[in-house]
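In: Okay, predicted coordinates and the sequence, questions at the end:
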Amino acid sequence: MNFENLDSLYRSSPDAYRQLLEFMYQEFEKAQGKITSSIEKGDSTAFSHLKHKIFSTLNTLEYAELMDALTQVTSFYEGDKNLHTEALTLRLNDLFQQLFQRLEDKIAELDELKVM
């Protein structure tokens, strides 16, 4: 995961950057719940929509692991029966937790800069 692209874009506006990160956190949190639900229900249409919605942001963050895990779910829906929904859901949840932690760390980093 890499925040360098966003760091360079928001270098001169840390308050706006913090707001963006908080918004991303909230949106990813909503997406995680909906993605998990769509996998459990076998709703490939809802999953595809959610994946598309967050994929470009994940690409900006260069979070290849989560993008790959989402692509594995797509493979499952396309018939790859070597994949199991429980394992996919657990992996996705773990990767989302890593994302949340990194976003929290980045927000805290911005807060520290504000204090200085």
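Out: Ah, there it is. For clarity, every value in this text was computed on a predicted model and none was experimentally measured.
In: Pull the contacting residues for residue 110.
Out: By C-beta atoms under 8 Å, 6 or more residues apart in numbering, residue 110 lies in contact with 14, 17, 18, 21. Yep, even glycine has a C-beta here, placed from its N, CA and C like the rest.
In: Now the buried members of those residues.
Out: 17, 18, 21 (16 or more other C-beta atoms under 10 Å).
In: Tell me how many other residues surround residue 45.
Out: Residue 45: 9 surrounding residues under other C-beta atoms under 10 Å.
In: actually residue 68, not the one I typed
Out: 11.
In: Quick check: which element contains it?
Out: Using DSSP states H and E, the element containing residue 68 is helix 64-77.
In: Please convert the contacts of residue 110 to CSV, extending it with secondary structure, distance to residue 48 and pLDDT.
Out: Listed next are the contacts of residue 110 as CSV, based on DSSP: H, G, I helix; E, B strand; the rest coil; distance: C-beta to C-beta, whole Å; pLDDT from 0 to 100:
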residue, secondary structure, distance to residue 48, pLDDT
14, helix, 35, 90
17, helix, 30, 94
18, helix, 31, 94
21, helix, 26, 96
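In: which one among the residues you listed gets closest to residue 111?
Out: Checking those against residue 111 with C-beta to C-beta, the nearest one is residue 18 at 7.4 Å.
In: What sits closest to the closest one if chain neighbours are left out?
Out: Of all residues not flanking residue 18 in the chain, residue 110 sits nearest, at 4.8 Å (C-beta to C-beta, 6 or more residues apart in numbering).
In: Any figure for the gap between the one you found and residue 103?
Out: Distance of residue 110 to residue 103, computed by C-beta to C-beta, to the nearest Å: 11 Å.
In: List the buried residues for the lengthiest helix in the chain?
Out: Secondary structure of the chain read by DSSP state H shows that its longest helix is helix 85-115. For helix 85-115, the buried set under the neighbour-count rule, 16+ other C-beta under 10 Å, comprises 88, 89, 91, 92, 95, 96, 99, 102, 103, 106, 107, 110.
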